[in-house]
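Participant: Take this sequence and fold it.
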Amino acid sequence: MASLETISFVAAVISIGLSAVLGLWQFIPRKKSSATVSGVRHGVRGNLILITSLSGLGFLTLSMVTRTVITGHGPFSNMYEFSMAFSWGIVAMGLFFWRRHRTFVASAIGFVIALGLLLFASTLPSRPVPLVPALQQSILLSLHVAAAIVAYGAFTVGFAAAIVYLLQARRPASWLPRADILDDMSYHAVIVGLPFMTLVIILGAVWADLAWGRYWGWDPKETASLVTWLLYASYLHVRMLRGWRGARAAILLIVGFCAVLLTFFGNYFFGGLHSYL
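Facilitator: Next up, the predicted model:
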């Protein structure tokens with residue numbers, strides 16, 4: 001069973017790596033004189049990205065399910081498992097937004113981040129260990145982290161779309177999605193992600209009360225989660241009520257994603273009650 005987990009993990013790395021390479025290939029300029037030919041190539045390329053990303057998601061799912069069988073709990077108890085889960089969320093959200101917007105341009109950056117998370121996971125201890133007492137609320141833990149996976153995956157898509165938006169705003173490229181499409185993609189990514197981030201904080205508070213006897217203790221990871229939520233809530237506020245669009249909104253999303261990374265990796269720097277991750 002452990003060998004199946006390893007094989008599927010390696011296959012996921014290869015598949016998502018191919019998705020990242022093919023996705024970044026979309027940024028290569030095309031000759032105007034070969035619009036029809038390049039359009040065909042783009043269609044073939046898009047199909048290849050779809051195949052490799054679906055394969056990567058399938059292999060990663062198999063690896064996580066296998067690990068769940070081995071450990072007896074969801075793959076959410078340490079940084080090795082959560083890095084896999086975060087990567088899964090990015091690929092899943094990339095495919096979700098591809099279905100809506102029919103472009104893998106933003107997802108390409110997400111696939112690079114997902115690949116980086118898997119390579120990071122490969123450097124971490126992967127041997128299953130018994131759960132610490134704070135993690136033995138398995139159902140609540142699974143719901144808490146599952147919500148985080150969706151939120152982080154959606155925020156990654158929003159971040160990637162914001163990056164491409166700034167590139168398009170500075171130097172428009174006819175072979176990339178229009179800036180307004182990218183702006184709309186970022187907005188919808190936050191619409192998806194923020195409710196799940198809200199659920200992360202609520203479930204985390206309930207879990208904290210059961211595990212540590214208080215709903216909120218300003219633990220570094222709790223505080224970073226709250227800052228992340230406030231940044232994305234601020235984005236929706238200024239966009240919906242003040243009409244912020246374009247570069248200002250894109251920059252705010254980039255700052256928000258930096259907060260996501262700080263929330264994810266913060267236990268390495270700040271310690272606290274989440275340091276066992």
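
Participant: Look up which helix or strand M84 falls in, please.
Facilitator: helix 79-101 (DSSP states H and E).

Participant: what mean pLDDT does that helix have?
Facilitator: The pLDDT scores in helix 79-101 average 93.

Participant: buried residues in that helix?
Facilitator: For helix 79-101, burial by neighbour count (16 or more other CB atoms under 10 Å) applies to 79-98, 101. For every residue, glycine as well, the C-beta is placed using N, CA and C.

Participant: and the residue nearest to L166 when sequence neighbours are not counted, how many neighbours?
Facilitator: Closest residue to L166 apart from its sequence neighbours, by CB to CB, 6 or more residues apart in numbering: A250 at 5.4 Å. A250 has 25 neighbouring residues, counting by other CB atoms under 10 Å.

Participant: cool, D209 as well?
Facilitator: 12.

Participant: which element follows whichever strand or helix holds V157 toward the C-terminus?
Facilitator: Here V157, judged by DSSP H and E, is contained in helix 138-170. Next helix or strand after helix 138-170 toward the C-terminus (DSSP H and E): helix 179-212.

Participant: tell me how far that following helix is from the chain's mean position?
Facilitator: Taking the mean of its C-alpha atoms, helix 179-212 sits 12 Å from the chain's own mean (CA atoms, centre = their mean, to the nearest Å).

Participant: list the helices and strands the next helix or strand along the chain from that helix packs on?
Facilitator: Once the chain leaves helix 179-212, the next helix or strand it forms, by DSSP H and E, is helix 220-240. With contacts taken as 3 or more CB pairs under 8 Å, 6 or more residues apart in numbering; DSSP states H and E, helix 220-240 sits against helix 179-212, helix 247-270.

Participant: And the contacts of helix 220-240?
Facilitator: The contact list for helix 220-240 (CB atoms under 8 Å, 6 or more residues apart in numbering) reads 155, 187, 190-191, 193-194, 197-198, 200-201, 204, 208, 216, 244-245, 248-249, 252-253, 255-256, 259-260, 262-263, 266-267, 270-274.

Participant: Write the PyMOL selection for whichever of those are buried.
Facilitator: Filtering the contacts of helix 220-240 down to the buried ones (16+ other CB under 10 Å) takes a single PyMOL command:
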select buried, resi 155+187+190+193+194+197+200+201+204+208+244+245+249+252+253+256+259+260+262+263+266+267+272+273+274
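
Participant: Return the set of buried residues in the lowest-mean-pLDDT helix or strand in the chain.
Facilitator: One helix or strand of the chain scores below all others by mean pLDDT, DSSP states H and E: helix 35-71, with a mean of 80. Of the residues in helix 35-71, those buried under the neighbour-count criterion (16+ other CB under 10 Å) are 38, 42, 45-46, 48-50, 52-53, 55-57, 59-64, 66-68.

Participant: rewinding a little: and the helix holding V157, how far from the chain's centre?
Facilitator: On CA atoms, centre = their mean, the centre of helix 138-170 falls 4 Å from the chain's centre.
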